[in-house]
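Participant: sequence and predicted structure are below.
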Amino acid sequence: MSAVSRIGLVGLGSMGMGMAKSLIRAGFDTLGFDLNPDACAALSEAGAVAAGPSALPYAAELDALVLVVVNGAQVESVLFGEHGVAKALRPGSLVVICSTMAASQTKAVHQRLSELNLELIDAPISGGAIKAADGKLSVMASGKPELFERAKGLFDAIAERLYVIGPDIGQGSTVKTIHQLLAGVHIAAAAEAMAMAAKADIPLDLMFDVVTHSAGNSWMFENRVPHILDGDYTPRSSVDIFVKDLGLVLDTAHQMKFPLPLASAAHQMFLAASNEGFGREDDAAVVKIFKGIELPEGK
Ligand SMILES: NC(=O)C1=CN([C@@H]2O[C@H](COP(=O)(O)OP(=O)(O)OC[C@H]3O[C@@H](n4cnc5c(N)ncnc54)[C@H](O)[C@@H]3O)[C@@H](O)[C@H]2O)C=CC1
Ligand SMILES: O=C(O)C(=O)[C@@H](O)CO
């Protein structure tokens, strides 16, 4: 099978939009799909061959379909729902799932795709919207080695680092799930620390400066705390994404009868934030569960 050249990407949100634009920049014939017409218009303006709500009318002309929708249910609906695209893809076509979902879900999707003679790479992503836009994501992927040869240009366009975890579907999702344990705990810990600083009347920008030049720093602290300092909770990744992701982490551990005390506490913090109405805000809004403190307001 030759290298992919015509690529459809479903889910033009925080991550998918930057990824689709990276594919366009790299010279791929790129088609983008999203239920949000504004996102489709933005991608058309950026040079997409076509953009619209559904990949179905274009399925037969695609070499690869990349999915960057939110969760397993959305992936299943795009592929196998009422207007599911899977049946219309050419046999042998490649599906690349970048959405974060449980390994068990990815394996179930793989089974159904195999029955239709379709190939799958399990390819969760990390790096946030900025790295997606720059084509510099980390990808933790699994699948047959020959599929990575076919998709080499695709991954070169979207990723700075491609980690091939192994040949089995589910290995990529498992690594991403374990990564999300850390990502979620680090955001929750960053919020808790900044809330305590506010309670102690330490200037928050000074606290940020100290931590980012000391041993308590983390990628998430450095990336998310500026949203708190700016009082800007425009979602680059939402609270509800971490309700989902830490839920996947805990479900996976539960099946292994494995205790995760820190992930459990962090999940409760994101659940509390969502329950208070902050689910669609940036995940840094988990800081809003702390009461009796003053946080910066948006400009
Ligand atoms: N935002 C982030 O920093 C990161 C997110 N992720 C993961 O990447 C995936 C995407 O996340 P985001 O881009 O943040 O989500 P998002 O909510 O910003 O974007 C998802 C997009 O999918 C579209 N969509 C949903 N169902 C659809 C359908 N049936 N057909 C067409 N479009 C549909 C939505 O309209 C939306 O524009 C998630 O699995 C997330 O966990 C991974 C790494 C970083
Ligand atoms: O991995 C990242 O990058 C993330 O920020 C996320 O997975 C959060 O959605």
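Facilitator: Looks like it came in fine. Numbering: from 1, shown residues only. Ligands and ions are numbered 1, 2, ... in the order given.
Participant: buried ones in the helix or strand Ala189 falls within?
Facilitator: Ala189 is part of helix 171-199 when elements are defined by DSSP states H and E. Buried residues in helix 171-199, counted by 16 or more other C-beta atoms under 10 Å: 171-177, 179-195, 197-198. To be clear about C-beta, it is placed using only N, CA and C from the backbone, and glycine gets the same treatment.
Participant: what do you get for stretch 15-27?
Facilitator: Met15, Gly16, Met17, Gly18, Met19, Ala20, Lys21, Ser22, Leu23, Ile24.
Participant: the third one: helix or strand, and which one exactly?
Facilitator: The reference is to Met17. Here Met17 is assigned to helix 16-25, by DSSP H and E.
Participant: and that helix, what does it pack against?
Facilitator: strand 6-10, strand 29-33, helix 37-45, helix 128-134, helix 152-158 (3 or more C-beta pairs under 8 Å, 6 or more residues apart in numbering; DSSP states H and E).
Participant: one step back: out of the buried residues of stretch 15-27, who's nearest ligand 2?
Facilitator: Met15 (8.0 Å; C-beta to the nearest ligand atom).
Participant: what does the stretch 1-150 of the chain put close to ligand 1?
Facilitator: Residues of the stretch 1-150 of the chain lying near ligand 1 by C-beta under 6 Å from any ligand atom: 10-16, 33-36, 39, 68-71, 74, 77-78, 99-100, 125-126, 128-129.
Participant: name only those of these that count as buried.
Facilitator: By 16+ other C-beta under 10 Å, those give 10-16, 33-34, 39, 68-71, 74, 78, 99-100, 125-126, 128-129 as buried.
Participant: circling back: and after the helix holding Ala189, which helix or strand comes next?
Facilitator: Per DSSP H and E, the helix or strand that comes after helix 171-199 is helix 204-212.
Participant: counting neighbours, show which residues of that next one come out buried.
Facilitator: Applying 16+ other C-beta under 10 Å to helix 204-212 flags Leu204, Met207, Phe208, Val211 as buried.
Participant: any idea which helix or strand comes after it?
Facilitator: Helix 204-212 is succeeded, C-terminally, by helix 219-230 (DSSP H and E).
Participant: dump the residue contacts of the closest residue to Gln105 other than its chain neighbours.
Facilitator: Among residues not flanking Gln105 along the chain, Gly72 sits closest, at 3.7 Å (C-beta to C-beta, 6 or more residues apart in numbering). Shown in contact with Gly72 (C-beta atoms under 8 Å, 6 or more residues apart in numbering): Ser99, Met101, Ala102, Gln105, Thr106, Val109.
Participant: cheers, nothing more for now.
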